[in-house]
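1. the sequence and its predicted three-dimensional model are supplied below.
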Amino acid sequence: MNPNLKDVSGYMFGLGLGALKHAIWHSHYSSYENEYWPELSVLQASHAAEILIKAKIAEEHPLLIFEQVPRSTQIQDEYLDF
């Protein structure tokens, strides 16, 4: 496995937490630019939850988050990669 994929779950976890914080912020503060931020924050929170769940799965093995696992015969490189 490519060594760069070792900490992919950590990056995903940070992104998921950031998205969740942003959703919480939008649920409390809206602006004149978009009156639907509180409603849209629910969608954003569900997206954050999806990323957090996938981060936990990727913690087990990064390639488990893909619908179809890449095969070593499909690549020209030494490692499987994104």
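-> That came through fine.
2. which stretches in the protein count as helices?
-> 8-28, 37-60 (DSSP state H).
3. pLDDT score assigned to the most centrally placed residue in the chain?
-> Centrality entry for the chain: nearest residue to the mean C-alpha point is Ile51, 3.3 Å, by C-alpha atoms, centre = their mean. For Ile51, the pLDDT comes out at 95.
4. also Ala55?
-> For Ala55, pLDDT reads 93.
5. Ala55 against Gly18, yeah?
-> No: the criterion here is C-beta atoms under 8 Å, and Ala55 misses it with Gly18 at 11.8 Å. Bear in mind the C-beta positions are built from the backbone N, C-alpha and C, glycine included.
6. so which of those two has more stuff around it?
-> Higher neighbour count among Ala55 and Gly18: Ala55, with 20 against 12, using other C-beta atoms under 10 Å.
7. list the contacts for Ala58?
-> Val8, Ser9, Met12, Leu64, Ile65 (C-beta atoms under 8 Å, 6 or more residues apart in numbering).
8. where does the prediction get shaky in the chain?
-> Along the chain, segments meeting pLDDT under 70 span 1-2, 4-5, 66-82.
9. let me know the outermost residue of it.
-> Of all residues in the chain (C-alpha atoms, centre = their mean), Tyr32 lies farthest out, 29.1 Å.
10. report the buried members of the contacts of Ala58.
-> Buried members of the contacts of Ala58, scored by 16 or more other C-beta atoms under 10 Å, are Val8, Ser9, Met12, Ile65.
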